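Undergrad: got a predicted model here, sequence first, then my questions.
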Amino acid sequence: MTGDLQQLPHRRFNPLTREWVLVSPHRTQRPWLGKVEGSGAGTTVDYDPSCYLCPGNKRAGGARNPQYTSTFVFGNDYPALLPDTPNVSTNEADLIVAQSEAGMCRVLCYSPRHSLTIPLMSTGEVRQVVDAWCEQFQSLEKFPWVRHIQIFENRGELMGASNPHPHCQIWANALLPNIPATELYSFQEYLKTKKSCLLCDYLKLELAKKVRVVWQNQGFTAIVPYWAVWPFEILVLSNRHLAAMHQLASDERFLLADILKQVTIRYDNLFQTSFPYSMGFHQRPSDGVAHPEWHFHAHYFPPLLRSARVRKYMVGYEMLATPQRDITPELAAEQLANLSDVHYLIAKENS
Ligand SMILES: [Zn+2]
Ligand SMILES: [Zn+2]
Ligand SMILES: [Zn+2]
């Protein structure tokens, strides 16, 4: 069955979001080894006097950053959500429906160095970022009204990141946003009907098949999921069943740092560019209830398709009907898995 599907147009089900993706493998030949255009290597300066995230610099809101030496967190100067939002709602005939929403938005700088991205940081430095994510999650969920904490990173101009300084955002909401709410429902339904965890079972299948695994260490597995929409989409799963990052043991935090570095090195090596993506973690809701169904994971959604300049667009059929892809997830995984684990800039320096 699977052999036939590899050649035929077909649709694949995403059990997390309960949506379908259309796969059209007949539209591509075996993949070109990514075309290298030698641009988009990104910046290489350590300090940019005009960057509002560099140590010691003034931010748009007027505050000045301290001379920080590892990670640095501050409240977004132009937050999308405000903590002291009053509770207001409206409902006219179930057709005009709205509800006020409280929240907090923070920014976390990964490093004082303006151009030091995760694939070029040491594993120890990435581990400090992991610790900062855990601290933020735990401190934000102490607010009694917080129900969901979203850690996410937009990398590169293609993804709308206005500043190359390596950083992520952390938004804490009073209400569960769309995608985590859908995933929660899927995890709960799966546990109810199959008496086990959706992603533990999925991981077992992927480890048995080994065709979509990109990289693995003792704590984590990176795969191009069967239902991937973006050409080189990756799902990072903890090998152990747990619901939130702060539950990771000390050695597991180091292994998470390692897999994030391994994934992003391969991404940069694919088209020899500073590979753009949106990534983020999905952790259990912060509603004070036990969530035995939830499995901690991270998604990477990168837009590049064929080179540093050719990107995938979500238009036409995708906006109106269903997302569609040509290169199969199996070929994307094979391509990523075959890349060197040495960053191309380091390899160039050493040669
Ligand atoms: Zn900077
Ligand atoms: Zn699990
Ligand atoms: Zn998810």
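TA: Received it, and whenever you're ready, just let me know what you need. Ligands and ions are numbered 1, 2, ... in the order given.
Undergrad: identify the residues contacting the closest residue to ligand 3 within the stretch 101-250 of the chain.
TA: Residue nearest to ligand 3 within the stretch 101-250 of the chain (C-beta to the ion): E183, separated by 4.9 Å. Yep, even glycine has a C-beta here, placed from its N, CA and C like the rest. Going by C-beta atoms under 8 Å, 6 or more residues apart in numbering, E183 touches L16, T17, H282.
Undergrad: apart from its neighbours in sequence, what residue is nearest the second one?
TA: With sequence-adjacent residues excluded and distances taken as C-beta to C-beta, 6 or more residues apart in numbering, T17 is closest to T182, at 5.2 Å.
Undergrad: what does the stretch 251-351 of the chain put close to ligand 3?
TA: H282 (C-beta under 5 Å from the ion).
Undergrad: give me the nearest residue to V342, chain neighbours excluded.
TA: The shortest distance from V342 to any non-neighbouring residue, by C-beta to C-beta, 6+ apart, is to I265 (7.4 Å).
Undergrad: tell me which helix or strand the one you found sits in.
TA: helix 250-271 (DSSP states H and E).
Undergrad: which elements pack onto that helix?
TA: helix 123-140, strand 213-216, strand 220-223, strand 234-238, strand 297-301, helix 329-337, helix 344-350 (3 or more C-beta pairs under 8 Å, 6 or more residues apart in numbering; DSSP states H and E).
Undergrad: assumed Q169 was part of a helix.
TA: No. Q169 is assigned strand when assessed by DSSP: H, G, I helix; E, B strand; the rest coil, not a helix.
Undergrad: poorly predicted segments of this protein, please.
TA: 1-3, 27-43 (pLDDT under 70).
Undergrad: if we go to 80?
TA: Where the chain drops to pLDDT under 80, the residues are 1-4, 6-9, 24-44, 60, 160-162.
Undergrad: could you export the helices and strands packed on helix 250-271 as TSV, including mean neighbour count?
TA: Below are the helices and strands packed on helix 250-271 laid out as TSV (neighbours: other C-beta atoms under 10 Å):
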stretch	mean neighbour count
helix 123-140	18
strand 213-216	21
strand 220-223	24
strand 234-238	24
strand 297-301	21
helix 329-337	21
helix 344-350	13
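Undergrad: for the stretch 51-200 of the chain, what lies in contact range of ligand 3?
TA: E183.
Undergrad: which ones are touching G156?
TA: Residues near G156 by C-beta under 8 Å, 6+ apart: S274, F275, P276, Y277.
Undergrad: around ligand 1, which positions in this protein sit nearby?
TA: Residues of the chain lying near ligand 1 (C-beta under 5 Å from the ion): D48, C51, L53, C54, H114, H165.
Undergrad: for those residues, work out which two are farthest apart.
TA: D48 and L53 (8.8 Å; C-beta to C-beta).
Undergrad: who has more neighbours out of these two?
TA: L53 (22 against 16; other C-beta atoms under 10 Å).
Undergrad: shouldn't that one be in contact with L108?
TA: No. The criterion here is C-beta atoms under 8 Å, and L53 misses it with L108 at 10.0 Å.
Undergrad: quick check: neighbours shared by those two?
TA: H167.
Undergrad: tell me which residues touch the residue in the stretch 1-150 of the chain positioned nearest to ligand 3, please.
TA: Proximity of the stretch 1-150 of the chain to ligand 3 (C-beta to the ion) peaks at L16, 5.4 Å away. L16 sits next to T182, E183, S186, L198 when contact means C-beta under 8 Å, 6+ apart.
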